[in-house]
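In: how would this look folded up:
(one chain, ligands or ions: 1)
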Amino acid sequence: MTEPLLCELSIRDRRAVRFPKPDVPLAPLPENLVRDHLPLPELSEVDVIRHFTRLSQLNHSIDTGFYPLGSCTMKYNPKINEEMARLPGFAAVHPLQPEEAMQGSLLLMYELQEWLKEIGGFAGVTLQPAAGAQGELTGVLIICAYHRSRGDSRRVKILIPDSAHGTNPATSAMSGLQVIQIPSDTQGNVDLEALKQQCDDTLAGLMLTNPNTLGLFDENVEEVIRIVHEAGGLVYGDGANMNALLGIVRPGDLGIDVMHFNLHKTFSTPHGGGGPGSGPVGVAAHLVDFLPAPIIDIVDEGSEEVPPLYGFVDPVRTIGRVKSFNGQFGMFIRAYTYIRMYGPEGLRSVAEHAVLNANYVMARLKNAYMLPYDKVCMHEFVLEGHWPDAPEVHALDISKRMMDYGLHPPTNYFPLIVPEALMIEPTETESKQMLDEFVEVMLKIAEEAHTQPELLKTAPHKTPVGRLDEVKAARDLVLCCGVSPLEEE
Ligand SMILES: *Cc1c(COP(=O)(O)O)cnc(C)c1O
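Out: Below is the predicted model of the structure:
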C-alpha cells in the first residue's frame, strides 16, 4: 500500500453499486490500463450517505447558526431564491443557445442590470465579473481605458486607504498601476491632507470603500471625491458594504465613477466554502462605453403585439470580455429573486435593520471590549480583542472560545489598522434573541479572559478537532484520522 486512503471506513469488497452482467462480448483491456488493485475506499451506499451527512453536520453554516463574519455579510439565504434557480427553464438553459431561445434568461439579466443601476445610481452595469475582486479588476481596467482614451497616459498612480480590503491593492497592481496607501485620520476617515498631497496629474484614481471596513461612513466622502475629481482622477467604489446603504444612499449620486456589487453579500446569494460569487460593476455615464462586452440590451423594441427582443451588445470602446459566457447566471437568478421579493421599501429596511442590529450589539459590548472608534457604526463594527489586564489573551483566543458556544467567530485581524481586530457584522436577518445570546457569550468570554485565560488559550474544547497549528494545518493538510483498515493489511 503506497498511498494512505482517504477513508478508514473502507471494507474490502464492500459495494454500493453492482453492475448488471454485460450483454456484449467481453473485450480485453490494453495492458497499460489494467490495475489489479485500486486504492479506493470500498463502501456501501448507506456508509457513504452517513459519512457525508455527518461531515456536513460538522460544518458551521448560515442555516445552522449565527455567522457574524465581518465584511462578508453572511445573511440568511432565502430558500425561495433556490427554488427559482432550480426552475428547469433557468437551470437547463445552455449559454450557447441562440438568443431567441433564451429570451427569458436575457430578460432576467436585463432587469437585474436595470435594478442595479437604479440601486447604485449608475448609468450602466455589467454582470460579467465572477466576484468582487474581479469586479475591482474590471473597474480599474475601465479607469485605465478612460484615461488612455483621452491621451492621458501619465496617470499611473492609484490611491488606496489603509483600511482597504487586500483585493484593492492586489487588483490595482495587476492592472499595472502604482499603489499608494493613504492613512486614515483619528476618526477612521480618509486623511484629507494626505490625500491632497498625492493628487496631481499622475493620479489615475482612488479606491474607496464606504462605509469603510471599520464599519464607518466617511463623513467627508463628498469632499474626498471632489478632491480626486479636481485632480483629474476617477473614484472606484468598493461596494462590498452596500448592505448598509440599500435604498438610502446611491454611490453614483455621491460621485463614485465605478463600483462593484457583491451579489453574494448584499443580495443573499450563498457564499463561503468556495461557491461561486458574482461581482457586477456599475459605471457613471462617462464610462458606459468602456464596459466589458457584451452587455444585455433591448435589440428590437417590438410593438404592441410583439414583445421586445433582448440580445447581446458590445459597448463601443469596450475593455473586452472579462468572463466566459455570461457570468454566474445562477447567482443572477437568486439576486433577482431577492430584489423582487423585497422591493424598494423592503431593501431600505434591510439596510436600516442591518445598521440597527450592529449598533445594538456594539452598544452592549463596548464596555467589556475596547472600541477603537466610538461613534455610530453602519452595518458592522470593529472591536479590539485584547485587554491590558489580560496580557496573554489575543483576538484569536476569543474567536476559538466562541466556537465552544456554537458561534462562528467574527473576522479576525482585519482591518489591519486595528490591533487584534474582531470585526463583527450581525446582518439584518438575526433576531433580537439571537443578538442577545451572542452578546451574553461575548460578555462571558470577556470575563473568562480575566479569570480563566487558559480556557481561551486552549479553546476550542467542544469541536471535532481542537486548536490547530494554523500554518501547519494549511501546509500539511491531513484529512483522515485513524488508520485505514486497508493500510493495516
Ligand atoms: C469581500 C470584499 C471584497 C472582495 O470581494 P470577493 O467577492 O470576495 O472577491 C472586496 N472588498 C471588501 C471590503 C470586501 O468585504
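
In: over in this protein, which residue gets nearest the ligand? Let me know.
Out: Residue nearest to the ligand within the chain: residue 132 (2.3 Å; C-beta to the nearest ligand atom). Glycine gets a C-beta too; all of them are placed from N, C-alpha and C.

In: give the contact list for that residue.
Out: 167, 238-240, 260, 262, 265, 277, 279 (C-beta atoms under 8 Å, 6 or more residues apart in numbering).

In: now stretch 251-268: how far from the chain's centre is it?
Out: 13 Å (C-alpha atoms, centre = their mean, to the nearest Å).

In: in it, what's buried?
Out: 251-252, 254-268 (16 or more other C-beta atoms under 10 Å).

In: next one: stretch 168-180
Out: 168-169, 171-172, 175, 177, 179-180.

In: does the helix or strand containing residue 206 reach the ligand?
Out: Under the criterion DSSP states H and E, the helix or strand holding residue 206 is strand 203-209. Yes - in terms of C-beta under 6 Å from any ligand atom, part of strand 203-209 sits within range of the ligand, namely residue 209.

In: neighbouring strands of that strand in the sheet, and parallel or not?
Out: strand 157-161 (parallel), strand 234-238 (parallel) (DSSP bridges).

In: quick revisit: which ones among the buried residues of stretch 168-180 map onto strands?
Out: 179-180 (DSSP state E).

In: residues of the stretch 251-400 of the chain that sit close to the ligand?
Out: Residues of the stretch 251-400 of the chain lying near the ligand (C-beta under 6 Å from any ligand atom): 262, 277, 279.

In: the second one: neighbouring residues, count only.
Out: With neighbours defined by other C-beta atoms under 10 Å, the count for residue 277 comes to 21.

In: mind listing what it touches?
Out: With C-beta under 8 Å, 6+ apart, residue 277 has these contacts: 130-132, 262-264, 269, 271, 328, 331.

In: repeat that for the last one.
Out: With contacts taken as C-beta under 8 Å, 6+ apart, residue 279 has the following neighbours: 129-136, 138, 260-263.

In: please convert those residues to a markdown table, extending it with distance to residue 231, pLDDT and secondary structure.
Out: What follows is the contacts of residue 279, written out as a markdown table (distance: C-beta to C-beta, whole Å; pLDDT from 0 to 100; DSSP: H, G, I helix; E, B strand; the rest coil):
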| residue | distance to residue 231 | pLDDT | secondary structure |
| --- | --- | --- | --- |
| 129 | 27 | 98 | coil |
| 130 | 32 | 96 | coil |
| 131 | 30 | 96 | coil |
| 132 | 26 | 97 | helix |
| 133 | 26 | 97 | helix |
| 134 | 27 | 97 | helix |
| 135 | 24 | 98 | helix |
| 136 | 21 | 98 | helix |
| 138 | 23 | 98 | helix |
| 260 | 23 | 98 | strand |
| 261 | 27 | 98 | coil |
| 262 | 29 | 98 | coil |
| 263 | 32 | 98 | helix |
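
In: mind putting the residues you listed into TSV with distance to residue 161?
Out: Conversion of those to TSV gives the following (distance: C-beta to C-beta, whole Å):
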residue	distance to residue 161
129	22
130	25
131	21
132	17
133	17
134	21
135	18
136	14
138	21
260	17
261	20
262	19
263	24
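
In: nearest to residue 357 among these?
Out: Each of the contacts of residue 279 was checked against residue 357 using C-beta to C-beta; the closest is residue 262, at 19.1 Å.

In: against residue 233, how distant is the closest one?
Out: 24 Å (C-beta to C-beta, to the nearest Å).

In: over to residue 458?
Out: Counting by C-beta to C-beta, the gap from residue 458 to residue 233 is 51 Å.

In: one more: residue 121?
Out: In terms of C-beta to C-beta, residue 121 sits 19 Å off from residue 233.

In: who's more crowded, those two?
Out: Set residue 121 next to residue 233 and count neighbours by other C-beta under 10 Å: residue 233 wins out with 26 against 17.

In: which non-adjacent residue is nearest that one?
Out: residue 203 (4.0 Å; C-beta to C-beta, 6 or more residues apart in numbering).

In: so how far is residue 211 from residue 445?
Out: 26 Å.

In: check residue 251 too.
Out: 11 Å.

In: one more: residue 424?
Out: The value you get for residue 424 to residue 211, if C-beta to C-beta is used, is 14 Å.

In: please enumerate the shared neighbours of those two.
Out: Going by C-beta under 8 Å, 6+ apart, residues that sit against residue 424 and also against residue 211 are residue 380.

In: and the residue lying closest to residue 438 once chain neighbours are set aside, what is it in contact with?
Out: Of all residues not flanking residue 438 in the chain, residue 66 sits nearest, at 5.8 Å (C-beta to C-beta, 6+ apart). When contacts are counted by C-beta under 8 Å, 6+ apart, residue 66 touches 407-408, 426, 430, 434, 437-438.

In: let's go with 6 Å and repeat that
Out: 407, 434, 438 (C-beta atoms under 6 Å, 6 or more residues apart in numbering).

In: residue 108: how many residues sit nearby?
Out: Neighbour tally, residue 108, other C-beta under 10 Å: 21.

In: adjust the sequence numbering to begin at 16 for everything that follows.
Out: Done: numbering now begins at 16, and the last item shifts to residue 123.

In: which secondary structure element is home to it?
Out: With DSSP H and E as criterion, residue 123 is part of helix 118-135.

In: that helix - contacts with which helices or strands?
Out: strand 139-141, strand 310-315, strand 324-328, helix 344-380 (3 or more C-beta pairs under 6 Å, 6 or more residues apart in numbering; DSSP states H and E).
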